[in-house]
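Novice: Sequence below, structure please.
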Amino acid sequence: RVNSNSDRVNSNSDRVNSNSDRVNSDSDRVNSIPVPPPELVIGIPANVLRRRPDIRSAERRLAAATARIGVAEADLYPQFTLPGSITYSATVPGNAGWTGSLGIGVRWNIFDAGAIRRNIEIQNAATQQALHQYESTVLSALEEVENALSAYVTGQNRRRSLLAATERARSAAELTEQSYRAGISDFQSVITAQQTLRSLEDDLALNEGAIASSYIQLYKALGGEWVVEKTEEE
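Specialist: Reported below is the predicted structural model:
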């Protein structure tokens, strides 16, 4: 029976080692996930949002609509031109000189004033619509940035908690294994401790994946790379 018990202990020890190796393998896999920098992103200039394609497009549409108002209003006033030409002739010796003809041209759509004013009203309405679209685009962009930043910060806070819990679980698993080898605790305690550690490491892997995803969303929401400012604590 002594040999039988010894064999069972050795078998359980092999299972403990196998589980430990599997936990370490999972830990290595967790560490392979690219983790963004933990600094909080603060003080993002609003001008950074102008790099977004949708905001640039809305801004150009607003500028074009505003320019069309100026063109429409210009039709209310007379337009002056200076037609003609000035030439210098020296084909005959001793008879060189300047020749030319000049005049003043005036174009004024005074009888189309009603249609012009209606066109101005139309362009003003189009500009107001472009302005509302621009404001809506900017507000949507700000909401995307806020959501992505909130998810990123929340993920980083949870990561710190999970890292601390994982280290505690790893220490507990090691102590439980040592106690089992010393005959103080049973094998089920070892299995339970290792399962707890594996569960926390799985949560950590999911969390770090979520952080990377929120970091990408924040990058996209800001229209590209930005300078990350560190908090005062760091």
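
Novice: what about residue 217, distance to residue 141?
Specialist: 12 Å (C-beta to C-beta, to the nearest Å). Backbone N, C-alpha and C define where each C-beta goes, glycine included.

Novice: Which of these two has more residues huddled nearby?
Specialist: Higher neighbour count among residue 217 and residue 141: residue 141, with 20 against 17, using other C-beta atoms under 10 Å.

Novice: Please go through the protein and pick out the longest helix.
Specialist: Longest among the helix segments of the chain by residue count, using DSSP state H, is helix 113-181.

Novice: count of residues packed around residue 178?
Specialist: With neighbours defined by other C-beta under 10 Å, the count for residue 178 comes to 12.

Novice: typo on my end, it should be residue 161
Specialist: 12.

Novice: Also residue 115?
Specialist: As a burial measure, residue 115 scores 11 neighbours (other C-beta under 10 Å).

Novice: who are the neighbours in contact with it?
Specialist: Residue 115 makes contact with no residue, according to C-beta atoms under 8 Å, 6 or more residues apart in numbering.

Novice: which sections of this protein are below the confidence cut-off?
Specialist: 1-46, 77-111, 225-234 (pLDDT under 70).

Novice: if you set the cut-off to 50 instead, what comes out?
Specialist: Regions of the chain meeting the criterion pLDDT under 50 cover residues 1-6, 8-9, 23, 26-27, 29-30, 230-234.

Novice: List the buried residues in the helix or strand where residue 189 lies.
Specialist: Using DSSP states H and E, residue 189 maps to helix 187-221. Across helix 187-221, burial judged by 16 or more other C-beta atoms under 10 Å covers 187, 189-191, 193-194, 196-198, 200-201, 203-205, 207-208, 210-212, 214-215, 217-218, 221.

Novice: Quick one: list the elements packing against it.
Specialist: For helix 187-221, the contact count by 3 or more C-beta pairs under 8 Å, 6 or more residues apart in numbering; DSSP states H and E identifies helix 2-31, helix 113-181 as packing neighbours.

Novice: Next, the angle helix 113-181 makes with it.
Specialist: 160 degrees (axes from the mean of the first three to the mean of the last three C-alpha atoms, to 10 degrees).

Novice: ok, residue 64 - contacts?
Specialist: Residue 64 touches residue 130, counting by C-beta under 8 Å, 6+ apart.

Novice: can you check the one 4 residues further on too?
Specialist: In this structure, residue 68 makes contact with 123, 126, 127, judged by C-beta under 8 Å, 6+ apart.
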